[in-house]
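[1] Next one to model:
(3 chains)
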Amino acid sequence: MKDDSKSLFGELFETPRRKVVPVLVPMPAPTAYSYAVPDGLTVEPGAIVQVPLGPRQVIGVVWDGGEDTSVDPKKLREITKVFDCPPLDKDMRTFLDWVAAYTLSPPGYVARMALRAPAAFDPEPMIEGLRYAGYEPERLTPARQKVLEMAADGLSWTKSGLAHASGVSTSVIDGLVKQGVFEQVFLPPPPLVAAPDPDYAENRLAGPQKEAAEEILDSLRKGGFTVSLIDGVTGSGKTEVYFEAIAETLKQGKQVLILLPEIALTANFLERFQDRFGSKPGEWHSDLATRTREKVWRQVATGEIRVVAGARSALFLPFENLGLIIVDEEHDPAFKQEDRVFYNARDMAVVRARIANFPVVLVSATPSVESQVNCIAGRYTRIHLPTRFADAAMPDLHLIDMRRAPPERGGFLSPILLRSVGKAVERGEQALLFLNRRGYAPLTLCRVCGHRFQCPQCSSWLVEHRFRGQIQCHQCGYHEPTPNSCPECGTLDHLVACGPGVERIAEEVEKHFPDARTLVLSSDIGGVKRLRLELEAIANGEADIVIGTQLVAKGHNFPLMTLVGIIDADIGLSNGDPRAAERTFQLLSQVTGRAGRTGRKSLGLLQTFQPQHPVMQAIVSGDAAAFYEREITERERAQLPPYGRLVSIIVSADTRAEAEGHARGLRQAAPHESGIMILGPAEAPLALIRGRHRFRLLVHGRRNSDMQAFVRSMLERGPKERRSIQVQVDVDPQSFL
DNA sequence: GACTTTCACTAA
DNA sequence: TAGTGAAAGTCC
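    Sure, this is the predicted structure:
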């Protein structure tokens, strides 16, 4: 509107009103920052831009909302660049805002998780190509003849591709280009993966698998948001069932995301996918090469990649048209990020689906208690697969009461277990011994003065690793060469290893079975490549006795394995974690499920000091339902909030006294809350240990709002206190359903 | 006194 | 988060 009374002076000197937009920048500010839009540029919400921030240029996203008038116009700086890249759509922006609010994280951090591909925002450069221009060369040599025949169809070729296909060297082609026989064209970069074909392989589902698939397909065809939990023992055909859901979604022209806990170990999964769909899905995980990561990001955004299999961070990819998320192994703690933005990808997947209105499928042989509760409450639909596919029998499970059948002095293997291992080896079958403890011994002490080796950084025990000749801290990664004298009293050669680790079990096994081929599988020995080779070797029968930690629990098939021995089934039952029983139940179920896929008779033996413990009873009886029911009531009795409404906040502190101070503050700020636990160094997430916070406070609350109020009030205090607080909002399905 | 490490603060 | 400057700690 024109103001006629405005003076000439005013017209000349009043700064013209610039357009101002909010931009989320990658730093912990509570709101978006305002930036001026340079003349001639247009930006819309979701656009990815480069902006000046202090002394540097950063990448940000134009956000929703009007101009923030509280910012001094003199402070405004201009957007430097708008990237030629699909903007984040409205659903994605709503999702990122939701995650930021729910996890009490700065929105800029959350947005940054969606922009983890530095150079992906400019289009991929075109590839130089050649096309037959229709002219004859001056001299037609045999080599030139071959090239012309190959290119006669008028399609575009890359120089090296054409040379290779015609069996000539590239210089022949250079000659032809010089004469103008070929013209230069620019080709779009090739897709990373071929499009999956939903009809590539016919599904051969039958019985309960077929019914389960039909149920999910029904909800897919109806459209809209639903959460299904596919729950069935190892080998019951869960993957085949959700592959049908993927096929249906692809037929609808939408993209699919498959979240997996640890993508690095899933070559096996990618192959199965390829067998069903004719091509591999796009992969997304932290150790992708930068270049590949950028390509995947961009091709997901443009819709070229139809299916992504990825780790938790894949949830923040900017899909063009996402229509289904599968969360495989939904109970797995690897879905939880405990660093910067604390989130559980399984729950945030449900939120993303809710916002964009499409289905989610959670999958697990041993579902989390939260998901069980959500099924009982009717929020999730349970799809149960009761039997093993193709008649593979479950192993026969027994407990070994270690008080009645103790190992010989200095050993850890019960005579009962040793006998069974011997028999399996004699029959030419494989045995798996599982102990969830890396290294040789979890504790080293001096026999003379009683000194215990402790980590100087975080005060947990240092674990001896004999293969490497080191003692290591499993919390923060500190390590030093194994000493041979006590640092306290100086006595030489009187250090003694206490308790077993897999390396020590291997020693014991080799003593009893010197002729058997023994192999130790542990995450600290060799990289992913070596592990893959070893798993293959085991599958080919190149080992008789395998001794392994956690990682043997993850979906690898050992077809020759007919005996599984659990060395210390009680590990983890008493570590202060409110989920200890649940975790142990899940881990032991997964490990014992490794045996018995051959159709042969197989056996599982669990060494325990607590044979009456509900976890042990549930494992041997196979009655998972009873275990969950009991676990839910147990937690309620322990004054933990009803599950499915767990909220936890971590306040970390350097000393126990400091932690107790925070606990007092919390009780005042949120009197409705129930359980507050102070956990020692071993229970704190790695990220906190790295920041040298040695204790953490785990709060289980009933009301998200109270917890949020408390955390906000703490964050408003000084920087020192702010740094001692990390917030982890765990599970609260009521907020997103 | 030169150099390194730690800490608090700021960015539109 | 990443860059900065001031303050505190370390070394010869």
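
[2] Check which helix or strand the residue in chain A that DNA strand C sits nearest to maps to.
    When scored by CB to the nearest atom of the strand, chain A has residue A:27 as its residue closest to DNA strand C, at 3.9 Å. The way it works is simple: take the backbone N, C-alpha and C, and place the C-beta from them, glycine included. Using DSSP states H and E, residue A:27 is not contained in any helix or strand.

[3] Excluding chain neighbours, what is closest to it?
    Distances taken as CB to CB, 6 or more residues apart in numbering place residue A:108 nearest to residue A:27, at 5.5 Å, with adjacent residues excluded.

[4] Likewise for residue A:243?
    Nearest residue to residue A:243 in three dimensions, chain neighbours excluded: residue A:276, at 5.1 Å (CB to CB, 6+ apart).

[5] so the one you found touches residue A:244, yeah?
    No. Using CB atoms under 8 Å, residue A:276 is not in contact with residue A:244, being 9.2 Å away.

[6] Do a quick rundown of the helices in the stretch 151-300 of chain A.
    Assigned by DSSP state H, counting those that start in this stretch, the helices in the stretch 151-300 of chain A fall at A:159-166, A:170-178, A:207-222, A:238-251, A:267-277, A:290-302.

[7] Point out the one among these that comes closest to residue A:608.
    Set against residue A:608 and scored by CB to CB, the helices of the stretch 151-300 of chain A come closest in helix A:238-251, at 28.7 Å.

[8] could you say what helices and strands the closest one packs with?
    Packing partners of helix A:238-251 (3 or more CB pairs under 8 Å, 6 or more residues apart in numbering; DSSP states H and E): helix A:207-222, strand A:227-232, strand A:255-259, helix A:267-277, strand A:322-328, strand A:360-364, strand A:381-385.

[9] Which residues of chain A lie near DNA strand B?
    Proximity of chain A to DNA strand B (CB under 7 Å from any atom of the strand) is limited to residues A:27-29, A:31, A:33-36, A:51-54, A:68, A:71, A:75-77, A:718-720.

[10] give me that answer again for 6 Å
    With CB under 6 Å from any atom of the strand as the criterion, chain A meets DNA strand B at residues A:27, A:33-35, A:52-54, A:68, A:71, A:75-77, A:719-720.

[11] quick revisit: okay if I get the helices and strands packed on helix A:238-251 as CSV plus mean neighbour count and mean pLDDT?
    Output for the helices and strands packed on helix A:238-251, formatted as CSV (neighbours: other CB atoms under 10 Å; pLDDT from 0 to 100):
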stretch, mean neighbour count, mean pLDDT
helix A:207-222, 17, 92
strand A:227-232, 24, 94
strand A:255-259, 26, 98
helix A:267-277, 16, 92
strand A:322-328, 25, 97
strand A:360-364, 25, 96
strand A:381-385, 18, 93
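
[12] Kindly present those as TSV, with separate columns for distance to DNA strand C.
    Below are these laid out as TSV (distance: least, CB to the nearest atom of the strand, whole Å):
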stretch	distance to DNA strand C
helix A:207-222	38
strand A:227-232	31
strand A:255-259	23
helix A:267-277	31
strand A:322-328	25
strand A:360-364	28
strand A:381-385	38
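
[13] check contacts around the residue nearest to residue A:243.
    Taking CB atoms under 8 Å, 6 or more residues apart in numbering, we find residue A:276 in contact with A:200-201, A:203, A:243, A:247.

[14] Stretch A:196-210 spans what distance, first to last residue?
    The first residue of stretch A:196-210 is 22 Å away from its last residue (CA to CA, to the nearest Å).

[15] and the helices of the stretch 151-300 of chain A as TSV, adding distance to residue A:569?
    Output for those, formatted as TSV (distance: least, CB to CB, whole Å):
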stretch	distance to residue A:569
helix A:159-166	58
helix A:170-178	64
helix A:207-222	30
helix A:238-251	25
helix A:267-277	27
helix A:290-302	40
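
[16] Nearest to residue A:466, out of these?
    Evaluated with CB to CB, those place helix A:267-277 nearest to residue A:466, the distance being 30.1 Å.

[17] what's the spacing between the closest residue to residue A:221 other than its chain neighbours and residue A:525?
    Sequence neighbours aside, residue A:248 is the residue nearest to residue A:221 in space, at 7.2 Å (criterion: CB to CB, 6+ apart). Residue A:248 sits 42 Å away from residue A:525, going by CB to CB, to the nearest Å.

[18] Those two - which one has more neighbours?
    A count of neighbours by other CB atoms under 10 Å puts residue A:248 above the other of residue A:248 and residue A:525, at 20 against 17.

[19] unless I'm mixing things up, the more buried one is touching residue A:218, no?
    No. If you go by CB under 8 Å, residue A:248 and residue A:218 don't touch, sitting 9.9 Å apart.

[20] Next, the angle from the one helix or strand residue A:632 maps to to strand A:381-385.
    In the assignment (DSSP H and E), residue A:632 maps to helix A:624-637. Here helix A:624-637 points in a direction 140 degrees away from that of strand A:381-385 (axes from the mean of the first three to the mean of the last three CA atoms, to 10 degrees).

[21] Please name every helix or strand in contact with the helix or strand following helix A:624-637.
    On the C-terminal side of helix A:624-637, the closest following helix or strand by DSSP H and E is strand A:647-653. Under the contact criterion of 3+ CB pairs under 8 Å, 6+ apart, strand A:647-653 touches helix A:656-669, strand A:695-701, helix A:704-715, strand A:725-726.

[22] quick revisit: compare the residues of chain A next to DNA strand B and tell me which is most surrounded.
    When neighbours are taken as other CB under 10 Å, the top entry among the residues of chain A next to DNA strand B is residue A:35 (26 neighbours).

[23] Kindly confirm my reading that that residue is in a strand.
    Yes. Residue A:35 forms part of a strand when assessed by DSSP: H, G, I helix; E, B strand; the rest coil.

[24] quick one: it and residue A:80 touch, right?
    No. Contact between residue A:35 and residue A:80 fails when scored by CB under 8 Å: they sit 9.2 Å apart.

[25] Identify the contacts common to those two.
    Common neighbours of residue A:35 and residue A:80, counting by CB under 8 Å, 6+ apart, are A:49, A:51.

[26] Mind exporting the C-alpha coordinates of the helix holding residue A:632 to PDB?
    Extracted C-alpha coordinates of helix A:624-637, given in PDB (Å, rounded to 0.1, in the frame of the first residue of the first chain):
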ATOM      1  CA  ALA A 624       6.500 -66.600  26.100                       C
ATOM      2  CA  ALA A 625       3.000 -65.300  26.700                       C
ATOM      3  CA  ALA A 626       3.100 -66.200  30.300                       C
ATOM      4  CA  PHE A 627       6.500 -64.500  30.700                       C
ATOM      5  CA  TYR A 628       5.200 -61.300  29.200                       C
ATOM      6  CA  GLU A 629       2.100 -61.300  31.300                       C
ATOM      7  CA  ARG A 630       4.200 -61.800  34.400                       C
ATOM      8  CA  GLU A 631       6.700 -59.200  33.400                       C
ATOM      9  CA  ILE A 632       4.000 -56.600  32.900                       C
ATOM     10  CA  THR A 633       2.500 -57.100  36.300                       C
ATOM     11  CA  GLU A 634       6.000 -57.300  38.000                       C
ATOM     12  CA  ARG A 635       6.800 -53.900  36.600                       C
ATOM     13  CA  GLU A 636       3.600 -52.400  37.800                       C
ATOM     14  CA  ARG A 637       4.200 -53.900  41.200                       C
END
